[in-house]
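Student: Just to be clear, the model below is a prediction. Sequence and coordinates:
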Amino acid sequence: MAIITPRRRFLTTSLAALGTATLGGCDRFAGTDAGRRTLRLGEDANLFVQRLLLSPGSLAREFPTSAVSPWFKPNGTIDPPDRDYRRLASGGFADYRLGVGGLVERPLSLGLADLRALPARTQTTRHDCVEGWSCIGTWTGVPLAEILIRAGLKPQARYIVFHCADTLEYAGAGLEGASLRPVKPDHVRHVQVAAAGSDDWGGGEPATDETSDETAGRTPIRYYESIDLVDAVHPQTILAYDLNGNPLPVGNGAPLRLRVERQLGYKMAKYVMRIEVVETLAGIGDGLGGYWEDRGYEWYAGI
Amino acid sequence: MTSAASRERKTVPRTYLTRSASDHRKVERRRWMFRHPLVIRVTHWINAVCLLVLLMSGLQIFNAHPALYWGDRSTFDAPALSITAESGASGTGRGVLQVGALRLDTTGVLGLSKVAGVENERAFPAWATLPANQDLATGRRWHYLFAWAFVLNGLLYLLYGIGSGQLRRRLIPDRDQIRDIGGSVREHVRLRFPEGEEARRYNVLQKLTYLVVVLLLLPVMILAGLAMSPAMDAAWPWLTTLFGGRQSARSVHFIAANLLVLFVIVHVLLVLVSGFWNNMRGMVTGWFSLGTETR
């Protein structure tokens, strides 16, 4: 036995070192392009298999109104700091217009009264946050399909992009129109994501007031999201203006928010100002289809 | 190793001259069995890597909202379990694990732990999560990639195990074993394990534990994970109902993960005390020593 003990000690030490190196290596691997591509394979598999299991008409579970959460937790932006938005809110959103453009036959501009005059759907559904919690609420709104039918999609139309009123962060001064990638190296990106994660119990908003920043020439990055046509024409995909029978509160996305019931909460853009129909997501933000998608989250958030 | 060579080794046991034997003329004959076929060995180690990554990325995901609930929705003011950081009277923080009415000070590990010497408010500490820093997006990507690897690997194991009859042969207790279950318990308590012919098969507690893990705990883990998916809830509403709602499914997923950690701890401890190198050789090369007999 004495003869092989050093070998065994060597093996044990090597194993431990290998374990530590592997776990440290995981983080380094995730930071490389090949690593990011590999880690995205799970999302591709999720999308492929879940789309196989779901028929276009499979509905998300609907609950009796007795199941509604007493408090619907607002998350992400809960009070947009933007001057234009504040002006709209102080006027009770009387001047609000939803713009519909991009690859459509007939661009639209719809006020809240116009939206409420369109066919409506009411649904009591469970909102599943990417963080893990759930709330149940009753939403009333106009099915997105009703708006898209009225606008008329051009044949190249593939994605519906939602542009929102709320600023989440600011790009560097004087960089308007430039790609954000070069000014946001990975370590900066990590800090931002960590900061977003740190107020998971509350819901974050930029601490600074937008007014001063805009005069200082900084470019606000406002929330944006996208879905494909499969989800866009789903019967439960609505632009909601009411929550639990009352006009949507500011915290939950007044005056209009998206509901995509078969996906996670961050897909359901709040404070929707403009709908853009596009062929590719390449020109939107950093090209991955949404504010959080450009910061590492999945574009397909069915799980 | 080719299968022809393995058969040869199985039928012609290797003979060892042990260096420590005081009488050099005495020959000790070591008896071997080919215990683990290639598919079982490969799927075992892939499974081990998958479970480690799934656990650590799972804790990262849990940290995004370190509270559990029962039912369909979150009852934020009354979680079934929560891990939080509180500021104490003297301004010093402390980590608190709360389960129902039970409150435990877990400073240093749960709720409040140090990252590079700096106190950090986070449910599970940096050394237990993947990635180490707070990064839900990357944690989710690790989790889903390795969940797929885990499921495909598990299917391969089950198909092979059922098709070859290995699963039944290895894991279903024999009649005599069930009759002597008390004897097996006594052996475990004294940390004595079968040798020789009896070591050709798993003992009864081992068989039952593996059965529960393979056919109950791991499937529950996968199903509870799927039951949390809003898309799966639309495709298979019965699944979320089976667990009593999405938040219940999340709690079950967390509890099952803890039971798996408990299993792995006991598994590794028993591997250590029942002949570490023999067990490791068995799961790496397939060859397991049944002990020596003197001729």
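Tutor: Happy to help now that I have it.

Student: Quick one: the helices in the stretch 1-150 of chain A, in order.
Tutor: A:5-30, A:33-39, A:41-53, A:83-90, A:112-117, A:144-151 (DSSP state H, counting those that start in this stretch).

Student: And the stretch 201-303 of chain A, by the same measure?
Tutor: Using DSSP H, counting those that start in this stretch, helices in the stretch 201-303 of chain A cover A:210-215, A:229-232.

Student: Just give the number of residues close to A:I136.
Tutor: A:I136: 24 surrounding residues under other CB atoms under 10 Å in any protein chain shown. Every residue, glycine included, has its C-beta placed from N, CA and C.

Student: Name whatever forms a beta bridge with it.
Tutor: A:R126 (DSSP bridges).

Student: returning to what we had before: where among the helices of the stretch 1-150 of chain A is average confidence lowest?
Tutor: Taking each of these in turn, the lowest mean pLDDT turns up on helix A:5-30, with a mean of 71.

Student: Dump the helices of the stretch 1-150 of chain A to a markdown table, plus mean neighbour count.
Tutor: As requested, the helices of the stretch 1-150 of chain A are exported to a markdown table (neighbours: other CB atoms under 10 Å in any protein chain shown):
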| stretch | mean neighbour count |
| --- | --- |
| helix A:5-30 | 12 |
| helix A:33-39 | 13 |
| helix A:41-53 | 16 |
| helix A:83-90 | 16 |
| helix A:112-117 | 14 |
| helix A:144-151 | 18 |
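
Student: For B:S251, which of those helices is the nearest?
Tutor: Smallest distance to B:S251 across the helices of the stretch 1-150 of chain A (CB to CB): 22.4 Å, for helix A:41-53.

Student: The closest one - contacts with which helices or strands?
Tutor: helix B:136-164, helix B:230-235 (3 or more CB pairs under 8 Å, 6 or more residues apart in numbering or on different chains; DSSP states H and E).

Student: who's in contact with it?
Tutor: Residues outside helix A:41-53 that contact it (CB atoms under 8 Å, 6 or more residues apart in numbering or on different chains) are A:230, A:298-300, A:302-303, B:141, B:143-148, B:229, B:231-232, B:235-236.

Student: What ranges in the stretch 1-150 of chain B fall below the confidence cut-off?
Tutor: B:1-26, B:89 (pLDDT under 70).

Student: And the helices in it?
Tutor: Going by DSSP H, counting those that start in this stretch, the stretch 1-150 of chain B shows helices at B:3-11, B:38-63, B:136-164.

Student: so which of those helices comes closest to chain A?
Tutor: helix B:136-164 (3.2 Å; CB to the nearest CB).

Student: For that closest one, what is the distance to the chain centroid?
Tutor: 14 Å (CA atoms, centre = their mean, to the nearest Å).

Student: quick one, it and helix B:38-63 angle?
Tutor: 150 degrees (axes from the mean of the first three to the mean of the last three CA atoms, to 10 degrees).

Student: which residues are in contact with the following helix or strand past helix B:136-164?
Tutor: Sequence order places helix B:166-171 as the next helix or strand after helix B:136-164, per DSSP states H and E. Contacts of helix B:166-171 with the rest of the structure, by CB under 8 Å, 6+ apart, involve B:P37, B:I40, B:L158, B:Y160, B:G161, B:I162, B:R201, B:Y202, B:K207, B:Y210, B:L211, B:V214.

Student: can I assume B:L97 is in contact with B:R103?
Tutor: Yes: contact criterion CB atoms under 8 Å: B:L97 and B:R103 qualify, at 7.4 Å.

Student: More neighbours: the two, which one.
Tutor: Between B:L97 and B:R103, counting by other CB under 10 Å, B:L97 is the more crowded of the two (18 against 12).

Student: Contact partners for the more buried one?
Tutor: With the criterion set at CB under 8 Å, 6+ apart, B:L97 makes contact with B:L81, B:S82, B:I83, B:R103, B:L104, B:T106, B:L110, B:G111.

Student: Buried ones among those?
Tutor: When those are checked for burial by 16 or more other CB atoms under 10 Å in any protein chain shown, the buried set is B:L81, B:S82, B:I83, B:T106, B:L110, B:G111.

Student: out of the residues you listed, who's nearest B:S90?
Tutor: B:G111 (17.2 Å).

Student: Count the neighbours of the closest residue in space to that closest one that isn't next to it in sequence for me.
Tutor: Distances taken as CB to CB, 6 or more residues apart in numbering or on different chains place B:G95 nearest to B:G111, at 2.4 Å, with adjacent residues excluded. By other CB under 10 Å, 23 other residues sit near B:G95.

Student: which strand residues sit across from B:G95 in the sheet?
Tutor: B:A85.

Student: same check, this time on the one 4 residues further on
Tutor: For B:V99, the residues forming beta bridges with it (DSSP bridges) are B:L81, B:L102.

Student: That one reaches B:A80, doesn't it?
Tutor: Yes: between B:V99 and B:A80 there is a contact under CB under 8 Å: 7.3 Å.

Student: So for these two, which sits in the more crowded spot?
Tutor: B:A80 (17 against 13).

Student: Return the residues in contact with that one.
Tutor: B:L68, B:Y69, B:W70, B:V99, B:G100, B:S251.

Student: do the same with A:A67
Tutor: A:T124, A:I136, B:D72, B:R73.

Student: now A:S134, nearest residue through space, not along the chain?
Tutor: B:R73 is the one closest to A:S134 (CB to CB, 6+ apart), at 4.7 Å.

Student: Next, count neighbours for the one you found.
Tutor: B:R73, neighbours per other CB under 10 Å, totals 25.

Student: how about the strands in the stretch 101-250 of chain A?
Tutor: A:108-110, A:121-128, A:134-143, A:159-171, A:219-228, A:238-243, A:246-247 (DSSP state E, counting those that start in this stretch).

Student: Switch those strands over to CSV, and while doing so, append mean pLDDT to every line.
Tutor: Below are these laid out as CSV (pLDDT from 0 to 100):
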stretch, mean pLDDT
strand A:108-110, 98
strand A:121-128, 98
strand A:134-143, 98
strand A:159-171, 95
strand A:219-228, 96
strand A:238-243, 98
strand A:246-247, 98
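
Student: Dump those strands into JSON lines; add distance to B:G88 as well.
Tutor: What follows is the strands of the stretch 101-250 of chain A, written out as JSON lines (distance: least, CB to CB, whole Å):
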{"stretch": "strand A:108-110", "distance to B:G88": "54"}
{"stretch": "strand A:121-128", "distance to B:G88": "35"}
{"stretch": "strand A:134-143", "distance to B:G88": "32"}
{"stretch": "strand A:159-171", "distance to B:G88": "34"}
{"stretch": "strand A:219-228", "distance to B:G88": "38"}
{"stretch": "strand A:238-243", "distance to B:G88": "39"}
{"stretch": "strand A:246-247", "distance to B:G88": "41"}
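
Student: nearest to B:G58, of the ones you listed?
Tutor: strand A:121-128 (16.8 Å).

Student: Quick check: the gap between the residue nearest to B:G111 and A:R86.
Tutor: Separation of B:G95 from A:R86 (CB to CB, to the nearest Å): 39 Å.

Student: In a markdown table: the contacts of helix B:166-171, plus distance to chain A.
Tutor: Listed next are the contacts of helix B:166-171 as a markdown table, based on distance: CB to the nearest CB, whole Å:
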| residue | distance to chain A |
| --- | --- |
| B:P37 | 24 |
| B:I40 | 21 |
| B:L158 | 18 |
| B:Y160 | 22 |
| B:G161 | 24 |
| B:I162 | 23 |
| B:R201 | 28 |
| B:Y202 | 25 |
| B:K207 | 28 |
| B:Y210 | 24 |
| B:L211 | 28 |
| B:V214 | 23 |
